[in-house]
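S.K.: Sequence plus the predicted model coming up.
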Amino acid sequence: MNRTPRHRTVAGTTVSLVVLGLAVTACGADGHPLAATPYDAADHVSLNTPAGDGGKADPDRPLDISADGATLTDVTAVDGAGRYVAGELSADGRRWHSTSPLAAGARYTVRVSTEDADGRRGHESLTHRTGRPRTTGRLDVTFGPEAGEYGVGQPVVAELGAPVRDRAARAVVERALKVDATPAVDGAWHWVDDRKLHYRPAEYWPTHATIRVRSNLEGMRIGDRLRGGRAKPLKLTTGDRLIAVTDAAAHRMTVHRNGEVVNEIPVTTGKPGFETRNGVKVVLGKEYFVRMRGETIGIARDSSDDYDLPVYYAARVTWSGEYVHAAPWSVGSQGSANVSHGCTGMSTDDAEWFFDTVREGDIVQVVNSGGETMTPFGNGFGDWNLDWRAWRAGSALVTDVDGPRPDERARLRPESA
């Protein structure tokens with residue numbers, strides 16, 4: 001006897017989207033898939049996670065569904081925020097349980113498909129609500145930089161409100177931090193330390209791209225004592241691909257826009273003992289005026305290397321004081337000798353042009369200097385000094401990258417002028 005399919009509401013468990021890829025289609029007597037007569041699966045499907053006080057389930061317990069007299073062919077579960085969590089089906093196809101963390105205070109819709117021994121297909125829709133968690137810690141996330149337009153080298157930063165050290169917990173965090181770019185790119189998060197992640201593509205961002213960043217962590221269980229908190233979404237855009245390459249040996253900066261050379265500037269870089277760092281740096285900000293003093297980087301006052309200078313048109317590339325700036329006092333050496341204390345100096349006119357041309361996130365690369373290579377983290381955005389393999393090794397979701405993880409503790413060496 002055929003019965004009209006019906007739906008019922010069941011309170012008592014937590015779920016997340018699980019697409020098992022099992023959907024078996026039964027053929028009817030005429031061999032056509034649509035000829036199979038659907039039946040009510042309610043008598044075959046059981047939700048085994050009990051509800052607690054107030055009819056809401058413990059969010060720390062997985063969703064558990066079983067089928068009696070039928071086989072589960074598909075289980076999908078999604079909460080009101082559209083978040084999906086993976087699950088696992090037993091070998092005999094009679095039981096399924098969620099394997100990903102569930103959110104607290106959430107309402108889940110679970111859709112179950114079954115097939116009985118006669119090939120009849122059944123469907124059931126369940127509603128499950130979760131209550132308050134036993135865990136009390138909350139992990140808020142702050143994304144950076146501020147919304148706006150940046151150069152193609154700008155990494156996305158996620159600052160966590162509490163440390164996350166366990167690799168499994170880090171994987172939960174990473175999966176929930178979403179970065180969508182248009183045009184699409186291949187990118188990954190990298191754990192800088194227990195509280196900070198950076199995201200970048202394999203190559204620089206595309207020009208004139210839109211990057212949207214959001215978190216799906218709210219209410220999700222991260223660890224025994226920690227659940228996800230709120231995060232404000234972020235939207236960034238990129239401008240032209242502007243890359244300034246400074247050849248310290250040739251004493252010249254070449255500025256490229258979208259692959260074309262737009263300017264060549266005579267410069268001076270760090271003299272012996274104060275060599276400018278090699279490697280890729282990202283413009284951190286621009287300051288029309290900066291007072292630079294030797295004593296701030298450990299130079300003794302009144303020594304031969306001491307200085308106290310008003311500096312204009314300064315584009316910062318490290319937190320420890322390395323800039324690209326106007327240096328009218330060294331015009332005679334620009335293009336022929338390196339006489340600075342680590343910064344890249346140029347004439348006032350050239351510095352004004354550079355200042356007006358670059359934006360935060362643009363690339364400044366130094367080659368052929370006697371200095372050390374820019375560290376990846378801790379002194380600005382040296383992220384691009386890691387190749388893609390090394391970058392991916394810093395993700396908690398990647399397990400197929402051999403070799404040691406890169407040093408995540410950058411040593412700072414102040415530079416200025």
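M.R.: Here it is on my side, so go on.
S.K.: which intervals of the stretch 151-300 of the chain have sub-threshold pLDDT?
M.R.: 293-300 (pLDDT under 70).
S.K.: where exactly do the strands run in it?
M.R.: Using DSSP state E, counting those that start in this stretch, the strands of the stretch 151-300 of the chain run over 156-160, 177-182, 187-193, 196-201, 210-215, 221-223, 226-231, 234-238, 242-247, 252-257, 260-266, 279-282, 285-293.
S.K.: Redo the ones you listed as CSV? Include mean neighbour count.
M.R.: C-betas here are computed from N, CA, C, even on glycine. Converted to CSV, the strands of the stretch 151-300 of the chain look like this (neighbours: other CB atoms under 10 Å):
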stretch, mean neighbour count
strand 156-160, 20
strand 177-182, 16
strand 187-193, 21
strand 196-201, 21
strand 210-215, 18
strand 221-223, 23
strand 226-231, 21
strand 234-238, 19
strand 242-247, 21
strand 252-257, 18
strand 260-266, 14
strand 279-282, 24
strand 285-293, 14
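S.K.: I'd like to know which of those strands lies nearest to Arg120.
M.R.: Proximity to Arg120 (CB to CB) singles out strand 221-223 among the strands of the stretch 151-300 of the chain, at 37.6 Å.
S.K.: got a list of contacts for that closest one?
M.R.: Strand 221-223 has contacts (CB atoms under 8 Å, 6 or more residues apart in numbering) with 59-60, 101-104, 133, 135, 139, 164, 166, 169, 172-173, 227-228.
S.K.: try it again with 7 Å
M.R.: Strand 221-223 is contacted from outside by 59-60, 101-102, 133, 135, 139, 164, 166, 169, 172-173, 227-228, using CB atoms under 7 Å, 6 or more residues apart in numbering.
S.K.: Mind listing the strands it pairs with, and their directions?
M.R.: strand 226-231 (antiparallel) (DSSP bridges).
S.K.: Would you mind getting the angle between the partner strand and strand 210-215?
M.R.: 140 degrees (axes from the mean of the first three to the mean of the last three CA atoms, to 10 degrees).
S.K.: send the alpha carbons of strand 226-231 over as CSV?
M.R.: What follows is strand 226-231, C-alpha atoms only, in CSV (Å, rounded to 0.1, in the frame of the first residue of the first chain):
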residue,chain,number,x,y,z
LEU,A,226,36.4,27.2,23.5
ARG,A,227,33.7,28.1,21.0
GLY,A,228,33.7,30.6,18.1
GLY,A,229,32.6,34.2,18.6
ARG,A,230,31.7,37.0,16.3
ALA,A,231,33.7,38.5,13.4
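S.K.: before we move on, back to that, Serialize the strands of the stretch 151-300 of the chain to CSV and add fields for distance to Pro145.
M.R.: Shown next, in CSV, are the strands of the stretch 151-300 of the chain (distance: least, CB to CB, whole Å):
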stretch, distance to Pro145
strand 156-160, 7
strand 177-182, 14
strand 187-193, 15
strand 196-201, 11
strand 210-215, 11
strand 221-223, 25
strand 226-231, 15
strand 234-238, 7
strand 242-247, 17
strand 252-257, 22
strand 260-266, 25
strand 279-282, 11
strand 285-293, 10
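S.K.: So among the contacts of strand 221-223, which ones count as buried?
M.R.: Using 16 or more other CB atoms under 10 Å as the burial test, these include 59-60, 101-102, 133, 135, 139, 164, 169, 172-173, 227-228 as buried.
S.K.: Gly332 is nearest to which of the strands of the stretch 151-300 of the chain?
M.R.: Comparing those by CB to CB, strand 260-266 comes nearest, at 10.6 Å.
S.K.: Point out the other helices and strands that the closest one packs with.
M.R.: Where contact means 3 or more CB pairs under 7 Å, 6 or more residues apart in numbering; DSSP states H and E, strand 260-266 is packed against strand 252-257.
S.K.: Who are the packing partners of the strand it packs on?
M.R.: strand 242-247, strand 260-266.
S.K.: Of all these, which one is nearest Ala351?
M.R.: strand 260-266 (8.7 Å).
S.K.: Run the angle between that closest one and strand 242-247 for me.
M.R.: Calculated by the same axes, to 10 degrees, strand 260-266 forms an angle of 40 degrees with strand 242-247.
S.K.: which residues touch strand 260-266?
M.R.: His251, Arg252, Met253, Thr254, Val255, His256, Gln334, Gly335, Met346, Asp350, Trp353.
S.K.: which one among the residues you listed gets closest to Gly87?
M.R.: So of the contacts of strand 260-266, ranked by how close each gets to Gly87 (CB to CB), first place is His256, at 49.7 Å.
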